[in-house]
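A.B. asks: no sequence on hand, only this structure:
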Ligand code: P6P
């Protein structure tokens, strides 16, 4: 593996090829999936960047100046990904937060050995107030026989992922992904339309800075969750308080914690007893990334990547970030005795 620094000029395509060379058995199919996702990300970034101009450009209720039918951006992002991925011959099926069932590969196209699960534009309601939003994706191998993907292929525990990542459409557009060889960040240079390696081998700080949680739900949490949050705030136990940061956009909140350390939490509460965030295409991919960066992710009872899914759109509580912070949540929420620091 070539050792890159943040000053190396390396495009994501070249980096993907270099990673593939570490696997002599690789056929290049997974690399193809990642290339196509990077292309889709550029196309979505272009739409997101001009979203605020829709009215100014004279978009009518249904059509914009180019005569394109105005769609909600998350529907548009979903279509961009499906159209970019469905004919490459690497996938046997897809699953999207925007669609109730599995998205099959059209008969005209070759099927491959991977399944793609994704949230095309998470937090899209934040676009109107110019808060960063994101795309999240997860890739697993087909485990059923036959040509087309099936529900069973999608319902694999997160530890079976072969690749995962996200794109954040923020002050810059960044794509962060892993194939199990570390987590790496690429920043889009719009002047050349290339994702360039900007954050090689991301490591989440062990002593985190941020607590990212919407504690307007405090009255809906159970006592154990309330106790964990009080510890992060330095109101209980002996921890120094974490700084509070919450923007209400999962990818933006997670990305800040990945680089700055600390914990993002979306606990279960009386309104959402199974949590709000989706396991297969939100929690699992981010958990893969954070573990590759030296962090941890749990649902309060167990490691997120060990959860056996039962439904395509099932929800989960999520505690994700620096290992010491997540371990605290897991210990308190699962009723384990306090660790006595000698
Ligand atoms: P709340 C956005 O709607 C989203 O799905 C995630 O991006 C975000 O982390 C969460 O919901 C915010 O939820 O209840 O704090 O508004």
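C.D. replies: Noted; the coordinates are in hand. Treat the numbers as computed from the prediction; the structure is a model and nothing was measured. Numbering: from 1, shown residues only.
A.B. asks: tell me the pLDDT at the closest residue to residue 85 other than its chain neighbours?
C.D. replies: With Cβ to Cβ, 6 or more residues apart in numbering as the criterion, residue 85 has its nearest non-adjacent residue at 5.4 Å, and that residue is residue 36. The C-beta positions use only the backbone N, C-alpha and C, and glycine is treated the same way. Note for residue 36: predicted pLDDT of 96.
A.B. asks: which parts of the one helix or strand residue 36 maps to are buried?
C.D. replies: With elements taken from DSSP states H and E, the one containing residue 36 is helix 29-49. Within helix 29-49, the residues scored as buried using 16 or more other Cβ atoms under 10 Å are 30-42, 44-45, 47-48.
A.B. asks: chain center to stretch 208-228, what's the gap?
C.D. replies: Averaging C-alpha positions (Cα atoms, centre = their mean, to the nearest Å) puts stretch 208-228 22 Å from its chain's average.
A.B. asks: rounded mean pLDDT for that stretch, please.
C.D. replies: The predicted model gives stretch 208-228 an average pLDDT of 96.
A.B. asks: for this structure, which residues are neighbours of the ligand?
C.D. replies: Within the chain, the positions adjacent to the ligand are 122, 123, 125, 214, 248, 249, 250, 253, 276 by Cβ under 6 Å from any ligand atom.
A.B. asks: what are the ranges of the helices in the protein?
C.D. replies: When assigned using DSSP state H, the helices of the chain occupy the ranges 12-20, 29-49, 73-85, 151-154, 223-232, 250-260, 284-292, 323-333.
A.B. asks: and the longest one, what other elements does it pack with?
C.D. replies: Applying 3 or more Cβ pairs under 8 Å, 6 or more residues apart in numbering; DSSP states H and E, we find helix 29-49 packed against helix 12-20, helix 73-85, strand 114-122, strand 133-141, strand 161-169, strand 173-178, strand 183-189, strand 194-199.
A.B. asks: now these in CSV, with distance to residue 296 and mean neighbour count?
C.D. replies: As requested, the helices and strands packed on helix 29-49 are arranged in CSV below (distance: least, Cβ to Cβ, whole Å; neighbours: other Cβ atoms under 10 Å):
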stretch, distance to residue 296, mean neighbour count
helix 12-20, 24, 18
helix 73-85, 29, 20
strand 114-122, 21, 27
strand 133-141, 18, 26
strand 161-169, 15, 25
strand 173-178, 15, 25
strand 183-189, 13, 22
strand 194-199, 20, 19
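A.B. asks: out of these, which gets nearest to residue 150?
C.D. replies: Relative to residue 150, the nearest member of the helices and strands packed on helix 29-49 by Cβ to Cβ is strand 114-122, separated by 9.2 Å.
A.B. asks: from the contact counts, what lies against the closest one?
C.D. replies: Packing contacts for strand 114-122, counted by 3+ Cβ pairs under 8 Å, 6+ apart, involve helix 29-49, helix 73-85, strand 91-96, strand 133-141, helix 151-154.
A.B. asks: tell me the strands beside it, with direction?
C.D. replies: Each strand pairing with strand 114-122, determined using DSSP bridges, is listed with its direction: strand 91-96 (parallel), strand 133-141 (antiparallel).
A.B. asks: write down the beta-bridge partners of the residue nearest in space to the middle of the chain, one by one.
C.D. replies: In the chain, the C-alpha closest to the average C-alpha coordinate belongs to residue 136, at a distance of 3.7 Å (Cα atoms, centre = their mean). Legend: beta-bridge partners of residue 136 under DSSP bridges are residue 119, residue 166.
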